[in-house]
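Asker: Coordinates for the following, if possible.
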Amino acid sequence: MTAVLDAWAVLALLRDESPAAQVEELIFVGEALISSINLGEALYWTERRQGQGVALEQIDRVRPMLVVEDPDWRLVSAAAHLKAGGGLSYADAFCVATAQRHQATLYTGDPEILALDVPVEMVDLREAR
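Answerer: Okay, here's the model as predicted:
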């Protein structure tokens, strides 16, 4: 099973919030995939709150456990199309486009992503709280 994570899911893991156990299970049982754009988003959120050193250490700890996908032009184009539709950030558009590309389930707690009407199966990690 391939699971696509967004920055929200990674941040829940790093902060040891209640969805962390579900995210860990996705990482260790299946194949957890994340766009490098969304991993970068988790990096900058962590740096803002805990500083660059801690942020790099935390992301470097979790990154090897994930399949990190760098965007090619097709993914950039798909994300841009999603962003043009409005209602979500450009970074969020990458996790949705990544899930679409892999026909995978997207795991998130981001209300903007969950509110989208797109042909992607989504799991609301906020329900784990």
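
Asker: who does the helix or strand of the chain with the lowest mean pLDDT touch, helix- and strand-wise?
Answerer: Sorting the helices and strands of the chain by mean pLDDT, DSSP states H and E puts helix 20-29 at the bottom, at a mean of 93. With contacts taken as 3 or more Cβ pairs under 8 Å, 6 or more residues apart in numbering; DSSP states H and E, helix 20-29 sits against strand 2-5, helix 7-14, strand 105-108. C-beta: built from backbone N, CA, C; applies to glycine.

Asker: After the helix ranked longest in the chain, which helix or strand is next?
Answerer: If you go by DSSP state H, the chain has its longest helix at helix 36-50. Per DSSP states H and E, the first helix or strand lying C-terminal to helix 36-50 is helix 52-62.

Asker: Any chance you could list what contacts that next one?
Answerer: Identification of contacts with helix 52-62 by Cβ atoms under 8 Å, 6 or more residues apart in numbering yields V10, L13, L14, L39, A42, L43, Y44, T46, E47, Q50.

Asker: Would you enumerate the residues in contact with the fifth one?
Answerer: By Cβ under 8 Å, 6+ apart, the contact list for A42 reads A7, V10, L11, L14, I59.

Asker: In TSV, list those along with pLDDT.
Answerer: Formatted as TSV, those follow (pLDDT from 0 to 100):
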residue	pLDDT
A7	97
V10	97
L11	97
L14	96
I59	97
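
Asker: Would you mind listing which of the contacts of helix 52-62 are buried?
Answerer: By neighbour count, with 16 or more other Cβ atoms under 10 Å, the contacts of helix 52-62 hold V10, L13, L14, L39, A42, L43, T46, E47 as buried.

Asker: In TSV, list those residues along with distance to V23.
Answerer: As requested, the buried ones among the contacts of helix 52-62 are arranged in TSV below (distance: Cβ to Cβ, whole Å):
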residue	distance to V23
V10	7
L13	4
L14	10
L39	13
A42	11
L43	16
T46	15
E47	20
